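S.K.: How does the following fold in three dimensions:
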Amino acid sequence: MIFNYPHGFSVLTDLLRKVSRPCALCHSSSSCGICEHCYRQYLDNSPPRCFCCGQNLPGTDYEKNGLLCGNCLDKPHSFDETIVAAAYEPPLDQLVHELKFQSKLALAPLMGKLIYQAAIRQKRLAELRPDFITAVPLGNSRLIERGFNQSHEIAKTFAKWMNVPLRSDLIYRNRDTEKQSTISFKERKNNVQGAFSITRISHAILKGTHIGLVDDVMTTGHTLEEIAHLLKNAGTRRVTNFVFARTPA
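M.R.: Numbering: from 1, shown residues only. Down below sits the predicted model:
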């Protein structure tokens, strides 16, 4: 009997997808990385958020869309919109910690899928779909230390779900910076100022485009603002942030 390897591999892959695996949060049985109970409790009923920066807004009306917080009304950003999958607080913050500091790369596809589901909840998927997706680049020393760029790993799955090309050749970090989490909020803006540049190829393709910018955590937004400012100066029409977690005010 001749074994059909391509068919056999396909069948095996389908079986593995159906195998129950622990929920990343409560470790109960789950078929997609997050059990139904945890998804409903921590992700499904997210609070209304600012259309631009993704920060929490007062109230519990989940259907409110297009509202801006006072900070964004007072000082507009270079980016146009922010899609947030989760709040950066327990227990979801542990996913970021385990990915970044324990090298649990299996969490990256889950986080990319959760960002995609957050985009679906906006009920404007066609409008949110960018021309290209790119991730916030990591400094060379930190990339060597960690061995991977967590934002790029998340972006791989997110780009597949969105059916949009993932580009890692649009932006580069031209100097290492201090970890944003280790310095004060006032120092963070200066820390990333001038830290990024647009590649040569970017200038030829960015004009009039909509760019999706992926990051794992958004705190003050200074890093995303710095990159969005560069993209807009290079001719980008629209910049949408897609972040897994947003630090509450």
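S.K.: Where does the record place the domain boundaries for the protein?
M.R.: 1-44, 46-246 (automatic domain parsing).
S.K.: Show me the contact partners of the helix or strand containing Phe158.
M.R.: Secondary structure from DSSP states H and E places Phe158 in helix 150-162. Applying C-beta atoms under 8 Å, 6 or more residues apart in numbering, the external contacts of helix 150-162 come out as 96, 99-100, 105, 108-113, 115-116, 119, 129-130, 133-138, 165-166, 168, 212, 214-216, 242, 244. All C-beta spots, glycine's among them, are computed from the backbone N, C-alpha and C.
S.K.: Quick check: which helices or strands does the helix or strand harbouring Leu95 pack against?
M.R.: Applying DSSP H and E as the criterion places Leu95 in helix 93-101. Contacts defined by 3 or more C-beta pairs under 8 Å, 6 or more residues apart in numbering; DSSP states H and E place helix 93-101 against helix 107-121, helix 150-162, strand 210-218, strand 238-246.
S.K.: mind running it again at 7 Å?
M.R.: Packed against helix 93-101 by the contact rule (3 or more C-beta pairs under 7 Å, 6 or more residues apart in numbering; DSSP states H and E) you find helix 107-121, strand 238-246.
S.K.: who's in contact with the residue nearest to the spatial centre of the chain?
M.R.: With distances taken as C-alpha atoms, centre = their mean, Val243 lies nearest the centre of the chain, 3.0 Å away. Contacts were defined as C-beta atoms under 7 Å, 6 or more residues apart in numbering; by that measure Val243 touches Gly54, Thr82, Val84, Asp215, Val217, Met218.
S.K.: and which of these is nearest Asn149?
M.R.: Asp215 (10.4 Å; C-beta to C-beta).
S.K.: okay but that closest one is in contact with Pro137, surely?
M.R.: No. Counting by C-beta atoms under 7 Å, Asp215 stays clear of Pro137, with 10.4 Å between them.
S.K.: Distance of the residue nearest to Gln193 when sequence neighbours are not counted relative to Arg40?
M.R.: Nearest non-adjacent residue to Gln193, counting by C-beta to C-beta, 6 or more residues apart in numbering: Glu226, 6.5 Å away. Distance, Glu226 to Arg40, using C-beta to C-beta, to the nearest Å: 36 Å.
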